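Visitor: structure of the sequence below:
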Amino acid sequence: MNTKFTTLCLAGLMAVAAAPSFAKEIKEIRWGVDGGYPPFDVLSPSGEITGFDPDIAKAVCADLKARCVFVKQPFDSMIAALNANKYDAVIASLNVTPERLKEVDFSDKYYSSSPRLVARKGSPLQPTVASLSGKVVGVQSGSIHETYAKTHWAGKGVKIATYANQDNVFLDLASGRIDASLQDNIQAETSFLRTDKGKNFAFAGPKLGGNATPVAIALRKNDPELKAAINQAIAHIRANGTYDKIQKKYFAFDIYN
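Guide: Now for the predicted structure:
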């Protein structure tokens with residue numbers, strides 16, 4: 001037997017086995033998006049959804065040669081609408097949590113984030129019950145920040161105010177209607193603290209929850225082929241420089257790690 005020929009055949013078979021295969025061609029991906037979470041997603045005056053998340057979605061679609069369709073959905077009903085087949089995937093800066101994993105599956109991460117409190121500059125507020133007692137903290141409805149605030153602070157002298165989107169949280173914080181807000185650290189820094197409307201505000205205390213948590217694309221549990229395809233596309237755009245090009249449009253630092 002030709003040893004070289006046998007080795008080449010085995011290598012070829014291994015490569016085929018290792019390569020992901022999809023039983024169906026993915027021609028279109030319908031994405032659930034929020035539209036009120038700059039710079040990750042923003043509803044433009046023309047009605048188009050723009051931002052980091054849609055740009056990542058478009059890059060995934062381009063890699064898979066699939067058509068992208070965006071469906072605007074209120075954030076607090078994103079997962080329910082996904083499971084009702086209103087769209088195929090959610091790209092709305094969703095942190096992967098044990099609670100969400102009971103309802104949906106997730107792709108590999110496409111960035112990482114941590115919760116952090118924001119308050120007026122010079123404020124003594126810290127993300128603790130003792131410090132926030134008698135204060136009002138704003139959170140986005142349906143977010144992990146709402147869950148954290150209601151679990152650790154509500155009913156202990158801290159009032160939690162919920163909002164349909166993060167823009168409204170910051171509007172009430174800037175106007176003094178709430179004392180602090182709890183949200184993603186990257187989103188707060190880029191869309192509020194570094195802008196004119198947030199110039200009198202700063203992070204109050206450390207990040208919460210220890211290590212940063214992964215942010216990923218949510219998918220229905222019965223759609224493993226789409227998950228595999230999206231994971232392959234994420235790996236490709238990370239490797240070929242597309243991800244970095246998109247990231248640099250919105251951030252001056254690495255949000256993946």
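Visitor: pretty sure A233 is one of the things V60 touches, is it not?
Guide: Yes. The criterion here is C-beta atoms under 8 Å, and V60 meets it with A233 at 4.2 Å. All C-beta spots, glycine's among them, are computed from the backbone N, C-alpha and C.
Visitor: the longest strand along the chain: what's the following helix or strand?
Guide: If you go by DSSP state E, the chain has its longest strand at strand 105-113. Beyond strand 105-113 on the C-terminal side, the first helix or strand identified by DSSP states H and E is strand 115-120.
Visitor: what residues of the helix or strand just after that following strand count as buried?
Guide: Going down the chain from strand 115-120, the next helix or strand is helix 129-132, by DSSP H and E. The neighbour-count check on helix 129-132 (16 or more other C-beta atoms under 10 Å) flags 131-132 as buried.
Visitor: distance from helix 129-132 to the middle of the chain?
Guide: 28 Å (C-alpha atoms, centre = their mean, to the nearest Å).
Visitor: in the longest strand of the chain, what counts as buried?
Guide: Using 16+ other C-beta under 10 Å as the test for burial, strand 105-113 gives 105-113.
Visitor: cool, stretch 171-179 as well?
Guide: Quick answer for stretch 171-179 (16+ other C-beta under 10 Å): 173-174, 178-179.
Visitor: now, the residues you listed that are in strands?
Guide: Among the buried residues of stretch 171-179, no member lies in strands (by DSSP E).
Visitor: report the two of those residues separated the most.
Guide: A174 and D179 (12.1 Å; C-beta to C-beta).
Visitor: can you pull out the strands in this structure?
Guide: 28-33, 36-37, 41-43, 49-50, 67-72, 89-95, 105-113, 115-120, 136-140, 159-163, 180-184, 201-203, 213-219.
Visitor: columns distance to Q126 on top of these, output as CSV?
Guide: Shown next, in CSV, are these (distance: least, C-beta to C-beta, whole Å):
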stretch, distance to Q126
strand 28-33, 34
strand 36-37, 25
strand 41-43, 30
strand 49-50, 35
strand 67-72, 36
strand 89-95, 22
strand 105-113, 20
strand 115-120, 7
strand 136-140, 12
strand 159-163, 16
strand 180-184, 10
strand 201-203, 11
strand 213-219, 21
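Visitor: could you tell me the least trusted of those?
Guide: Across those, strand 36-37 has the smallest mean pLDDT, namely a mean of 88.
Visitor: packing partners of that strand?
Guide: helix 166-175 (3 or more C-beta pairs under 8 Å, 6 or more residues apart in numbering; DSSP states H and E).
Visitor: isn't L226 up against D88?
Guide: Yes. With contact defined as C-beta under 8 Å, L226 reaches D88; the gap is 6.3 Å.
Visitor: need the residues touching each of those two.
Guide: With contacts defined as C-beta atoms under 8 Å, 6 or more residues apart in numbering, the residues shared by L226 and D88 are 29, 219.
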